[in-house]
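In: can't give you the sequence, but here's the structure:
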């Protein structure tokens, strides 16, 4: 339909990409550990919104232009790397309150609209500034669209919708699991602080790896 080919292989590949740990997964886990399920789910929604941007950019050729330009790709890579390291450092040095269990419970409870909106925006930029996602869209999606198709744009949009739906389900599952672990550790702020530092260190490591990666 609309020139889409080998659709089952596309679904399998998207599933494998989602279950492979990366910046998106690290961010969701970090937010879920720090603030609970609600924060993790809001972060997952932000990442899905970022995937919408990639889908539109791929459908209308903008992603290909970024990948083809060494300068543009480098800018996206460096900005994305520093953003990941910034989030990681904040997570490492922002530990739970000294007030103990009550503070931990408050942190895992639903936050006010402004903090949730901030989590959404951070998740959005974590995905949009990830050059690996840019390359995935520009190099992978065209393989599942027939070159002679008269509906290339619509085909890319449909593949993008499938990608977003699958990613949203997986990311929500990750947020739910990580948030469940956080609830169990609600009375152990020392363990939770250790988890925050582990996830934050993973963010910094991903950022460094991204910054030093070759085109």
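Out: Noted; the coordinates are in hand. In this text the structure is predicted, and so the values were computed from the model without any measurement.

In: for the residue lying closest to residue 204 once chain neighbours are set aside, give its distance to residue 18.
Out: Leaving out its chain neighbours, the residue that sits closest to residue 204 by C-beta to C-beta, 6 or more residues apart in numbering is residue 88, at 3.9 Å. C-beta: built from backbone N, CA, C; applies to glycine. In this view, residue 88 and residue 18 are 22 Å apart by C-beta to C-beta, to the nearest Å.

In: more neighbours: those two, which one.
Out: More neighbours surround residue 88 than the other of residue 88 and residue 18, with 24 against 19 (other C-beta atoms under 10 Å).

In: secondary structure element holding the more buried one?
Out: helix 70-93 (DSSP states H and E).

In: which phi and psi does residue 155 have?
Out: phi -60, psi -40 (degrees, to the nearest 10).

In: wait, it touches residue 4, no?
Out: Yes - assessed by C-beta atoms under 8 Å, residue 155 is found in contact with residue 4 at 5.1 Å.

In: these two - which one has more neighbours?
Out: Counted by other C-beta under 10 Å, residue 155 and residue 4 do not tie: residue 155 has more neighbours, with 22 against 18.

In: give me the pLDDT for that one.
Out: pLDDT, residue 155: 84.

In: and what of the one 5 residues further on?
Out: Residue 160 is assigned 90 on the pLDDT scale.

In: on that earlier part again, the helix holding residue 88 - what's its average pLDDT?
Out: The average pLDDT within helix 70-93 is 72.

In: this protein: helices as residue ranges?
Out: Ranges of helices in the chain, per DSSP state H, are 7-19, 23-35, 37-59, 62-68, 70-93, 101-108, 113-128, 131-140, 152-184, 189-212.

In: which elements pack onto the third one?
Out: Where contact means 3 or more C-beta pairs under 8 Å, 6 or more residues apart in numbering; DSSP states H and E, helix 37-59 is packed against helix 23-35, helix 62-68, helix 113-128, helix 131-140, helix 152-184.
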